[in-house]
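Colleague: Structure for the following, please:
(one chain, ligands or ions: 2)
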Amino acid sequence: MKQGALLVCAGAAVIGALVVALVMHNRIAHAPVAMVEAVTAEYGQHLIRNTALELGSGQSDPARRFTGNNLACASCHLDSGQMPGMLSLMQAASKYPAFSKRDGAEADLADRINGCMQRSMNGRPLDKDSVPMRAMVTYIEELGRRYEAMSESQRGGAEPAGFVEPARKANLEQGANVFRNRCMVCHGQNGEGLKATADLAHGYLFPPLWGTDTYNSGAGMARVLTAARFIKARMPLGQPTLSDDEAFDVAAYINVQQRPGMANLEKDYPDLKGKPVDSTYPPYADPFSAEQHRLGPFAPIREFYKKAE
Ligand code: HEC
Ligand code: HEC
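Modeller: Ligands and ions are numbered 1, 2, ... in the order given. Down below sits the predicted model:
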């Protein structure tokens, strides 16, 4: 009896937490209002929030389908990039054009968006002059103007202290524990997420962390340090209370699971010395194993490059 009551309580608490998270993040009502397709910030924001509907499974014209998964840009750029802090898009416009070490070339904001299209969204690039691309650029530029007008306190955001990398190799068993205790309730037993509708036209309520319908092996999130920084700042959604060790281990656990592969990754970072230490794919300009690049420890790798300078 007692156990039954406990289970009911635990169940109610979990469902309560889910509803709070959904309401907080405006995920319940996806009112598909008629959206005017034009080069406006409003349409750009709509694309970043409803990416699956407009550029993925929900798009009936295959020529206009660009994403290879059904995440939304807003699955990582929370509140469609309006939330200050981790992966905010509020200051993105001011950073471009800039030299991209990954591409070995100058990249403007549209190129950077296409980077996320081909990697985080496992898709294909949009034509830089197309309406959807110009609308997303317009929206991100508008966020930049809004950021300029914000006060210092508004810009601060409300995040836990930044991730500090533990000086050790990530522990996958511990990561599995963190996943089961803190993530599985939303992201699913096999990291498969929770669909918003069966046909995926509206993407996910809780996006997948691994499997076939998520970010690919070339994405920033596939790197343990990038993922750990994001997870420490934002996850579990609405309750980001993980320690550095927990964030590090769970990030590693997620990223050793199977996910879509990206072709031609060996062409990334033409100057290999500029490759991030946690890049999971070869070649490298150092003698460390792929496993160490994937799981750490990273200090010896940094030390190697420092000495070589
Ligand atoms: C799986 C998570 C994920 C998804 C989905 C995603 N991104 Fe990103 N995005 C990232 C990460 C990680 C970075 C790199 C941040 C860094 O360089 O530290 C990034 C960087 C960017 C930047 C550059 C920001 C800056 O300040 O330099 C832009 C712009 C951007 N993304 C736009 C988009 C758009 C538009 C979409 C949808 C088409 C999208 N992203 C989907 C994870 C994601
Ligand atoms: C209360 C539900 C909930 C819990 C618990 C939760 N997440 Fe999330 N997570 C989300 C939602 C929702 C998003 C997408 C953001 C949005 O839609 O606003 C997300 C996005 C993500 C993303 C980026 C998108 C993707 O699909 O890769 C990662 C990575 C992630 N979560 C990891 C974790 C990890 C690791 C944990 C456990 C420590 C965790 N989450 C716990 C709800 C949750």
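
Colleague: which SS state does the residue nearest to Val39 when sequence neighbours are not counted fall under?
Modeller: Leaving aside its sequence neighbours, Val39 sits nearest to Arg134 (CB to CB, 6 or more residues apart in numbering; 4.5 Å). To be clear about C-beta, it is placed using only N, CA and C from the backbone, and glycine gets the same treatment. When classified by DSSP: H, G, I helix; E, B strand; the rest coil, Arg134 comes out as helix.

Colleague: Distance check, Arg134 against ligand 1.
Modeller: Distance, Arg134 to ligand 1, by CB to the nearest ligand atom, to the nearest Å: 12 Å.

Colleague: Give me the neighbour count for that residue.
Modeller: The local packing of Arg134 (other CB atoms under 10 Å) involves 19 other residues.

Colleague: can you pull the pLDDT of it?
Modeller: With respect to pLDDT, Arg134 scores 98.

Colleague: Check Gln3 too.
Modeller: 50.

Colleague: try the one 5 residues further on
Modeller: Val8 is assigned a pLDDT of 48 by the prediction.

Colleague: related to what we said a few turns ago, and the residue nearest to Val39, how far from Ala196?
Modeller: According to CB to CB, to the nearest Å, Arg134 and Ala196 sit 27 Å apart.

Colleague: Same check on Lys273?
Modeller: From Lys273 to Ala196 the distance is 43 Å (CB to CB).

Colleague: Could you pull up phi and psi at Ala107?
Modeller: Per-residue torsions, Ala107: phi -130, psi 130 (degrees, to the nearest 10).

Colleague: Likewise for Glu266?
Modeller: phi -70, psi -10.

Colleague: Just give the nearest non-adjacent residue to it, would you?
Modeller: Closest to Glu266 by CB to CB, 6+ apart is Pro283, at 6.2 Å.

Colleague: That neighbour against Asp271, yeah?
Modeller: No - counting by CB atoms under 8 Å, Pro283 stays clear of Asp271, with 11.8 Å between them.

Colleague: Which of these two has more residues huddled nearby?
Modeller: Pro283 (12 against 9).

Colleague: so Ala201 makes contact with Gly58?
Modeller: Yes - counting by CB under 8 Å, Ala201 touches Gly58, with 3.4 Å between them.
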